[in-house]
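> Sharing a model that was predicted from the sequence below.
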Amino acid sequence: MSGWIDAVVAFVQAHGVWAAPIAGALAFTEGLAFVALAVPGMTILFGIGALIGASKIPFVPVWLGIGIGAALGHWVSYAVGFYLKDGVTRIGPLRRHPEIMARAARFFARWGVMSVVLCRFVGPLRATVPLLCGVFEMGFWPFQIANWLSAFVWAGLTLAPGSLLVSWLGTSWLG
């Protein structure tokens, strides 16, 4: 897996113009229920953040790409949950690990719409809670407002540490 991560980061380093679409696609996969488990999106996004600090890749387009990709990924997970309802418990990891659904349901019941915002920052819940929002028929507009606002906050907080740290340390260690 690390070879794949290294290859994507190296590609972005060599072809900075692709940073925003690649980061957006990775953020999209981070928001997709079940798919997020198989894609090391966060690792690559942190690497892209470091590349921003070490190169001429502009922050704002990558931030926008990540924000849009993340929001669209959660929207798709919400739609899947809304249309499949309890059928989601027969898919992938939820079939084998029903406790995931129970834990996420408790989280959702406690936090309501705020769960959409909070889950963005908790890896295991990131793609599960939007799915549950659809299953439990959270209102479309409350979900989307929380989804889109939190996506751009998450995007900035995902890129900022690597970008700022590498800028502060200097770029000589990247080669």
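Now that the structure is in, tell me what you want to look at.
> which non-adjacent residue is nearest the most centrally placed residue in the chain?
In the chain, the C-alpha closest to the average C-alpha coordinate belongs to Glu30, at a distance of 3.6 Å (CA atoms, centre = their mean). Spatially, and ignoring its direct neighbours in sequence, Glu30 is nearest to Gly41 (4.3 Å; CB to CB, 6 or more residues apart in numbering). For glycine as for every other residue, the C-beta is placed from the backbone atoms N, C-alpha and C.
> The one you found: neighbour count?
When neighbours are counted by other CB atoms under 10 Å, Gly41 registers 27.
> shouldn't the residue nearest to the centre of the chain be in contact with Thr128?
No: under the contact definition of CB atoms under 8 Å, Glu30 does not touch Thr128, with a separation of 11.9 Å.
> how about the helices in this structure?
Across the chain, reading from the start of the chain, the helices by DSSP state H fall at 2-14, 19-30, 41-54, 59-84, 92-96, 98-111, 114-119, 123-126, 128-135, 140-169.
> Please convert these to JSON lines, extending it with mean pLDDT.
Written out in JSON lines, the entries for those read as follows (pLDDT from 0 to 100):
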{"stretch": "helix 2-14", "mean pLDDT": "71"}
{"stretch": "helix 19-30", "mean pLDDT": "91"}
{"stretch": "helix 41-54", "mean pLDDT": "78"}
{"stretch": "helix 59-84", "mean pLDDT": "94"}
{"stretch": "helix 92-96", "mean pLDDT": "77"}
{"stretch": "helix 98-111", "mean pLDDT": "79"}
{"stretch": "helix 114-119", "mean pLDDT": "91"}
{"stretch": "helix 123-126", "mean pLDDT": "76"}
{"stretch": "helix 128-135", "mean pLDDT": "88"}
{"stretch": "helix 140-169", "mean pLDDT": "85"}
